[in-house]
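Colleague: Sequence and predicted structure below; questions after.
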Amino acid sequence: MNKTEKLAFNWLKRKGFKEIVFQKRHSPDYITEGGSYEVKRGYRLKTGEVKILFSSSEQRQTLINEKAQILVFLEDKEPFDILLPEELNKHRVRDIILQDWWGEAVIQIRCSKQTEKRFKRFVIEVDAHNYEEALIMLLDRAERPRIAVEPAGKS
């Protein structure tokens, strides 16, 4: 059990739960008679925002259990925030992190170095002025209607 999980365990005990089962290798981290809880450590950014990180499998497992609550701890004994899985859906899609930055969406996409090189090459090839323009071009291509082509001689 790491420090954040211990904070959560103690918080759950203070809340009066008697049966607290810790799942070391599965999400959610805790199952109690009152529900299930995924525990995440919050990282305060220089901007003041708090970021939490999920692996793809953690997110999938947490989203499957729609009733699990996500407890976000900083260094305090009380959770900084308590989220529901549907709130994750609004902000995260697999390894894409969406943030609101003064009215503009900021997107971070984790990818391999090879994918990063391919995307940068694409930006240059299509003569995009910035990453947003290149991303719009990619999305436009992906959303184009597909034309079904039948082999010759078949009607």
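Modeller: Ah, there it is.

Colleague: residue boundaries of the strands in this structure?
Modeller: Taking DSSP state E, the strands of the chain run over residues 20-22, 30-32, 35-41, 43-44, 50-51, 69-73, 81-83, 92-93, 96-101, 104-109.

Colleague: and those strands, which one's lowest on average pLDDT?
Modeller: Lowest mean pLDDT of these: strand 92-93, a mean of 40.

Colleague: low-scoring stretches of this structure, by residue?
Modeller: Filtered on pLDDT under 70, the chain yields the residue ranges 54-60, 62-66, 86-108, 146-155.

Colleague: Domain map for it?
Modeller: With domains defined by automatic domain parsing, the chain comprises 3-110, 111-144.

Colleague: Burial-wise, tell me which of those domains comes out on top.
Modeller: The highest average neighbour count among these, using mean count of other Cβ atoms under 10 Å, belongs to domain 3-110 at a mean of 15. (Each C-beta comes from the backbone N, C-alpha and C, glycine too.)

Colleague: how long is that domain from one end to the other?
Modeller: 26 Å (Cα to Cα, to the nearest Å).
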